[in-house]
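>>> Provided below for reference: sequence and predicted model.
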Amino acid sequence: MDKGGGLMKKQWFTISVYAENNVGLLNRISGIFLKRHINIESLNVSKSEIEHVSKFTIVVNTTEDWTRKIVQQIEKQVEVIKAFYHDDDEIIYQESALFKIASHLLFDERQIQNIIKESNSQIVTVSRDFFVLAKTGRRHEIDEMHDALEPYGIMQFVRSGRLAVSKVEMPISTMLNNFQLDK
Amino acid sequence: MQTVKEKKKEANSSTKIKISGAEAIIHCLLAEGVEILYGYPGGAIMPVYDELYKFQDKLTHILTRHEQGATHAAQGYARVTGRVGVAIATSGPGATNLITGLADAQIDSTPMVCITGQVARHLLGSDAFQETDIIGISTPVTKWNYQVTRAEEIPEIMAKAFYIAKSGRPGPVLIDITKNAQFDELEFSYEHCTGIRSYKPVPTPDESAIDAAAKLINSAKKPFIVFGQGVILGHAEEELKKLVEKAGIPAAWTILGLSAMDSDHPLNVGMVGMHGNYGPNILTNECDVLIAIGMRFDDRVTGNLETYAKQAKVIHFEIDPAEVNKNVKADVAVLGNSKDTLNMLLPKIKENNHEAWHNEFKEKYKIEFEAVIKEELHPTKEGLTMAEVINEINNVSQHKAVIVSDVGQHQMIACRYSKFKQSKSNITSGGLGTMGFALPAAIGAKMGAMDREVIAIIGDGGYQMTIQELGTIFQNKTPVKIVVLNNDHLGMVRQWQELFFESRYASTVMSNPNFVKIAEGYEIKAKKVTERKDLKSAVAEMLASKDAYFLEVKVEKEDNVFPMIPSGASVSDIRLK
Ligand SMILES: Cc1ncc(C[n+]2csc(CCOP(=O)(O)OP(=O)(O)O)c2C)c(N)n1
C-alpha cells in the first residue's frame, strides 16, 4: 500500500492487529511504539470475527514510512497472526462517548434537548440526579457535542478508542486455514 | 536418574507417569538434546536444582559466578555450536541479572532459552520476597517470553520455547516458572513443537524476486557482496562461496559475518563498518549492484544513510521481513533462508569475472596497508601494538582457533586482523557491544567445541566486568586461553575523547591490579609480556598449554584504531588517520 510520494507526510493511520489471546501481548505491542517514541492516539482491544482471535485497533498520527515499519515489527511477534494498516479513506470507523449530566438540566435548559436531538445521541439512563447520553460517530461529531454541552456542565465524559473495519478484506481465516493445510 | 522413557518401560506401558514440574523441566531439556546449561541457584528455582542434582549424569550444569556470565556462556556455546544455549536463574535479582545477556542475544540473533524461577502463583503481585516482574522487564529484549503458573503447561511451553528460539531468525526466549508449578505434579508426555499458527519463521522464497536478483547480478559491472551472520545462521557458507566464485564478485563481511568465508579467499575483501577495511567501505559508494546477504544495515556498517550506496541497486537477501526497507531501501528483496534462496539463485547466475573491479579493491588495500596495516603488524616504534599480538596468534594457531573478543579497540583489532578457515569461529558482541561478554562467552564456546582452541581477546576494562568467571574456569578446569591487551585505559572511549573531545580523558584512565596474581589465585597459569622480544615465545607457550592460560600483554597506551568512519559520516569519508 504505497500511496506514492506521501511516505514522509504525517497523517492518521489505523493499524488492525489480529492476534492470539495472550496476557503479555499488549505489553509487547505497546513496547514497539515506546521504543520508537511514537504516541498511540487510541487503542482498542476486543474479540474479532474469528473465535479465540483478538483484534487490536491502534490509531497513530505519523508517516506512512514509520507506520509500515511498526506494522512489520508487530507482525514479527510470535503471537501476531497478521497486522494491517489503513488510512481514513480505506476504513469505516467510529468512536463512542458517554456524557454524564445533571438531571435538572434536562428540564431547566431547553437547549439541552435540542442538542440531544441534533446530535443523534441516545439517553442511556435517567435517574434523579443525573442522566447519561451515548453518542457514536466520528471524532469531530463527538467533539462538537462535547463543546455544545460543556457550557451547561458535564459531570463525567469518556470516549472510546477508534473502532474500524476495512473496506477490503482482511483474510485472516484463509491464513489460519492454510496453516492447518501446511501441517 | 532415569529418563521418562526408561521409567515408562519399567512401569506398565499403559500407566501414565506422574512427575513434578521440576523434573518435567529436566525431561524437556533432555528431549531437546540439551547437554549443558549455565546458571546460578536461589530460592525460587531450588526444586529444579534438586532435579539437576539427581540428573547430573545426563545433564551438566555449570555454576557461573554471576547470572550475566551464565547468559554469555550460553551465547558462546550457541554461537560455536549453532545449537540453543540454555541459562537458568532464580527469581528477582537472579532474573534481572540475565537482562544484558538477553538483550545481547536478541540483537545478535542468538538462540537461547533462559529459565527463571518465580514466587508461587498465590504470591504473584504481592511484592513477595524476590518477586520481580521479569516478564514485563524482559519483553523488549526477548523474541518470546511466557510465565508458567501450572505444572501441566510445562511440556508444551518448553517445546515452544526451543522451537521459537532456534527457528527462523533465532533469538532469546525466557520462561518464568512459578514455584508451585515446579512442585506440583503432572502427567508427563513430550511432543516437539513443529509449528505455531500465528508464527511464520521462514518466508517462502518468491521465484520472481530470485529472477530479478539474478538479472541485476548478471548485468552488473561492479557488483559487491556484503554478508552477515545470516549466512552462518542459515548454513549457507558453501552457497555463498559458490556465488562469489561463479560470478566473480568481491565480498566483504560484517563483524558478525566474520569466518563465514575463508579469510584468505582471493575474493574476500575484508570487513565493512566503522573500523572495517578501506576498500569495502569506500567502494560501497562505487558499486553498481550491492548484494546484501543476511545482514541488517546496522548504522555502524552504513554510516550516514543519506550518502550510503545511493548509486547502487540494492538486493537484500533476508529471512526477517521486518528488516527489509528498515534502514536501506531494497530494489529487490529476496525473502527466505539464505541457503534456500542462494541455491535457487545459483543456477541463474552467469559465470563472470570482474577483474578490473576486483583490482580496485586491491589498490585500496595497498593504500590501507601503507597507511595503517604495515605499522600495526610490524611496528617501528618501541611499544607493542594490539595487531602484532593478533598476528602472532594467527601464526601459531594457523587460523584454526575460535576467537572470542570483548568490546573496544582490541575487539576491532581482533576482528580486523584475525584469520579464519572455519565458520562459527568469531564470537563477539556486535549489536549490543557488551563489555564483559568475552570471558564467559569463551567458557561456553570452549565447552561447545572442546576439540578447538578457544582464545578470548579482552581489554583491561571489559576483563574486570566479568573477571569473577575465572572462578568458573578454575572449578571446571576449562582450558580457555585468555589474552588481555592492557593499555591501562578504556581505550575506545579514550580514542573518541582524543579525536572528538579535545583529549579530555574523562574517567578513561585505569589503574589496574596485578592481573597475573589474580589469575594465579585461581591457579591459572599466567604470564605478562611487556617487550616485543618475549611475545612470540609467550604466545607459543600459551597455545601449547593443555590447561587454561592467562596472557597479559602491555600494549601502547594511546594507540588509535584506524581506519575509522566518524559516527554520522559517510562511508566515503573513512579516515586513514
Ligand atoms: C557494559 C558497557 N559499558 C560501557 C561501554 C562503553 N565502552 C565501549 S568500549 C569501552 C572501553 C573498553 O575498554 P577496554 O575494555 O579496556 O578495551 P580497549 O578499548 O582499551 O581495547 C567502553 C567503556 C560498553 N560498550 N559496554
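Great, that's in hand. Numbers count the residues shown, from 1 in each chain, chains lettered A, B, ... in the order given.
>>> What helix or strand is residue B:270 located in?
Using DSSP states H and E, residue B:270 sits within strand B:268-271.
>>> what helices or strands is that strand leaning on?
Packing contacts for strand B:268-271, counted by 3 or more C-beta pairs under 8 Å, 6 or more residues apart in numbering or on different chains; DSSP states H and E, involve strand B:251-253, helix B:278-284, helix B:355-368, helix B:409-417. For every residue, glycine as well, the C-beta is placed using N, CA and C.
>>> Out of those, the one nearest the ligand is which?
The ligand lies closest to helix B:409-417 among the helices and strands packed on strand B:268-271, at 3.6 Å (C-beta to the nearest ligand atom).
>>> which residues are contacting that closest one?
The contact list for helix B:409-417 (C-beta atoms under 8 Å, 6 or more residues apart in numbering or on different chains) reads B:255, B:258, B:270-271, B:274-277, B:376-377, B:386-387, B:390-391, B:394, B:403, B:405, B:426, B:428, B:457-459, B:485, B:487, B:491-492, B:495, B:559-561.
>>> Those: which ones sit near the ligand?
Filtering the contacts of helix B:409-417 for proximity to the ligand by C-beta under 6 Å from any ligand atom leaves B:459, B:485, B:487, B:491, B:492.
>>> per the record, what domains does chain A have?
Here the domain assignment for chain A is A:11-91+A:168-182, A:92-159, based on automatic domain parsing.
>>> for the record, mean pLDDT for the first one?
The reference is to domain A:11-91+A:168-182. The pLDDT scores in domain A:11-91+A:168-182 average 94.
>>> cool, and stretch B:83-98?
Stretch B:83-98 carries an average pLDDT of 98.
>>> So it, near the ligand or not?
No. On the criterion C-beta under 6 Å from any ligand atom, stretch B:83-98 is out of touch with the ligand, staying 13.4 Å away.
>>> For residue B:75, identify the helix or strand it belongs to.
With DSSP H and E as the criterion, residue B:75 is inside helix B:67-81.
>>> Sheet-wise, list the partners of the helix or strand just after that helix with their directions.
For helix B:67-81, the succeeding helix or strand toward the C-terminus, using DSSP H and E, is strand B:85-89. Applying DSSP bridges, strand B:85-89 is found paired with strand B:36-39 (parallel), strand B:112-118 (parallel).
>>> wait, which of these is closest to residue A:87?
Closest of the strands paired with strand B:85-89 to residue A:87 is strand B:112-118, at 39.9 Å (criterion: C-beta to C-beta).
>>> How about the contacts made by the residue in chain A positioned nearest to the ligand?
Residue nearest to the ligand within chain A: residue A:35 (19.7 Å; C-beta to the nearest ligand atom). By C-beta under 8 Å, 6+ apart, residue A:35 lies in contact with residue B:140.
>>> And residue B:492, by the same measure?
Here residue B:492 is in contact with B:407, B:408, B:409, B:412, B:459, B:561 (C-beta under 8 Å, 6+ apart).
>>> And the closest residue to residue B:41 other than its chain neighbours, what's its pLDDT?
Excluding its sequence neighbours, the residue lying closest to residue B:41 (C-beta to C-beta, 6 or more residues apart in numbering or on different chains) is residue B:49, at 4.6 Å. Confidence at residue B:49, expressed as pLDDT, is 98.
>>> tell me which element residue B:49 falls in.
Judged by DSSP H and E, residue B:49 forms part of helix B:46-54.
>>> what packs against that helix?
helix B:21-31, strand B:112-118, helix B:179-183.
>>> Adding mean pLDDT as columns, could you present these in TSV?
Shown next, in TSV, are the helices and strands packed on helix B:46-54 (pLDDT from 0 to 100):
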stretch	mean pLDDT
helix B:21-31	98
strand B:112-118	98
helix B:179-183	98
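>>> now, of the ones you listed, which is deepest in the fold?
strand B:112-118 (a mean of 29; mean count of other C-beta atoms under 10 Å in any protein chain shown).
>>> Next secondary structure element downstream of that one?
Counting by DSSP H and E, what follows strand B:112-118 is helix B:134-138.
>>> Give me the distance from the very next helix or strand once past that following helix to the chain's centre.
Counting by DSSP H and E, the next helix or strand C-terminal to helix B:134-138 is strand B:144-148. For strand B:144-148, the separation from the chain centroid amounts to 24 Å (computed by C-alpha atoms, centre = their mean, to the nearest Å).
>>> what packs against strand B:144-148?
Using 3+ C-beta pairs under 8 Å, 6+ apart, strand B:144-148 is in contact with helix B:134-138, helix B:154-166, strand B:172-178.
>>> So which other helices or strands are in contact with whichever strand or helix holds residue A:149?
According to DSSP H and E, residue A:149 maps onto helix A:139-149. Here helix A:139-149 touches strand A:91-102, helix A:110-118, strand A:130-137, strand A:156-159, going by 3+ C-beta pairs under 8 Å, 6+ apart.
>>> Can I get those in JSON lines including mean neighbour count and distance to residue A:43?
Shown next, in JSON lines, are the helices and strands packed on helix A:139-149 (neighbours: other C-beta atoms under 10 Å in any protein chain shown; distance: least, C-beta to C-beta, whole Å):
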{"stretch": "strand A:91-102", "mean neighbour count": "18", "distance to residue A:43": "12"}
{"stretch": "helix A:110-118", "mean neighbour count": "13", "distance to residue A:43": "29"}
{"stretch": "strand A:130-137", "mean neighbour count": "18", "distance to residue A:43": "18"}
{"stretch": "strand A:156-159", "mean neighbour count": "13", "distance to residue A:43": "12"}
